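> My questions are about this predicted structure, shown below with the sequence.
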Amino acid sequence: MTDLALATEAALTAGKLLRQNFGSDATVDEATHHDIKLALDKESQDLITDILLKARPDDALYGEEGIAGNQASDRQWVVDPIDGTVNFFYGIPHFCVSIALRVAGEIVVGVIHDPMTDETWTVEKGGRALLNGKPIKVSPRTDLAESILFIGCGKDEKALRTGMERFRKASLKARKIRMMGSAALCMAYIASGRLDGYIESRISLWDIAAGQLLVETAGGEVTLTPNEDDPDVYAIVASNGKVPLEEIL
């Protein structure tokens, strides 16, 4: 089985688990002012880990719910078992499973699966960006006034101030702004031509790893700026490569 097929199997299996449990009373493991961790987050990651590492026992896995496998390996699976956990918990059907494979620091495989719409985005380096097996590409829009953007505001004070100022500028210049609660689905939507850009000053690798390869392969652009304090947290600017996002940065 190829790495892409393996990642797809893992994402679909985890997605089935999430869909089966959507709308039920979810157990909260941890709650902060801005976020929630569910027992199902860990259950989903454990399921993904079992599938991936059973087939690739020498690989490493780095996920939102912890690490597993051989951490010395240059093959690392990057996993977000539920991207959009708060949406899931509140009964909002906008969340996904995101799985990427990073080899020697380079993303080479990406899968994003939305179990509620039964949409699965797949990509491998050197191949095509696909949605349910059909090729996709970013939008052709070049005018900021015609664009739809996703602006993330972050959770700390500095990120919030930066995000709100960008939101203000974008609201005046773009057609619409969306804040939907899943960075991975945002990236998938850019790759599909549904959204035109995404800006956030603080986002974790597992949220955008699969989406980065997907957007770039679909003809878009992604710029990641590492955080000084955490090498796997980034500021991100992603777009179709045509809309002038510098006007709101």
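Arrived safely. Numbers count the residues shown, from 1 in each chain.

> use CA for all of it now, contacts and neighbours both
Will do.

> What's the first helix or strand after the helix or strand where residue 54 lies?
Per DSSP states H and E, residue 54 falls inside helix 39-55. Downstream of helix 39-55, the first helix or strand assigned by DSSP H and E is strand 60-63.

> Each with direction, which strands does that next one pair with?
Here strand 60-63 is paired, per DSSP bridges, with strand 66-69 (antiparallel), strand 75-83 (parallel).

> so which of the ones you listed is the most packed in?
Across these, averaging neighbours per residue (mean count of other Cα atoms under 10 Å) puts strand 75-83 on top, at a mean of 28.

> quick revisit: mean pLDDT and distance to residue 175 added to the strands paired with strand 60-63, as TSV?
Supplementary listing: these in TSV, determined by pLDDT from 0 to 100; distance: least, Cα to Cα, whole Å:
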stretch	mean pLDDT	distance to residue 175
strand 66-69	96	39
strand 75-83	97	26
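
> Could you dump the ones you listed into TSV with distance to residue 114 added?
Output for these, formatted as TSV (distance: least, Cα to Cα, whole Å):
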stretch	distance to residue 114
strand 66-69	22
strand 75-83	10
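
> To residue 225, which of those strands lies closest?
The closest of the strands paired with strand 60-63 to residue 225 is strand 75-83. By Cα to Cα, the value is 18.1 Å.

> From the chain's centroid, how far away is that closest one?
Chain-centre distance of strand 75-83: 9 Å, with Cα atoms, centre = their mean, to the nearest Å.

> give me every residue that touches the residue nearest to residue 67 when sequence neighbours are not counted.
The shortest distance from residue 67 to any residue other than its chain neighbours is 5.4 Å, reached at residue 61 (Cα to Cα, 6 or more residues apart in numbering). Contact analysis of residue 61 by Cα atoms under 8 Å, 6 or more residues apart in numbering lists 49, 67, 68, 69, 70, 71, 76, 77, 78, 79.

> that older thread, closest one to residue 14 among the strands paired with strand 60-63?
With Cα to Cα as the yardstick, what comes closest out of these is strand 75-83 (7.4 Å).

> buried stuff in stretch 15-24?
Neighbour counts over stretch 15-24 (16 or more other Cα atoms under 10 Å) mark 15, 16, 17, 18, 19, 22 as buried.

> With stretch 163-183 instead?
Residues of stretch 163-183 classed as buried: 163, 166-167, 170-171, 173-174, 176-177, 180-183 (neighbour count, 16+ other Cα under 10 Å).

> got the residue ranges for the helices in the protein?
3-21, 39-55, 85-89, 157-173, 183-191, 205-217 (DSSP state H).

> Can I get those helices in CSV including mean pLDDT and distance to residue 133?
Formatted as CSV, the helices of the chain follow (pLDDT from 0 to 100; distance: least, Cα to Cα, whole Å):
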stretch, mean pLDDT, distance to residue 133
helix 3-21, 97, 12
helix 39-55, 95, 21
helix 85-89, 91, 26
helix 157-173, 80, 33
helix 183-191, 98, 14
helix 205-217, 97, 13
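
> So for residue 137, which of those sits nearest?
helix 183-191 (5.6 Å).

> tell me the angle of the closest one relative to helix 205-217?
For helix 183-191 against helix 205-217, the angle by axes from the mean of the first three to the mean of the last three Cα atoms, to 10 degrees is 10 degrees.
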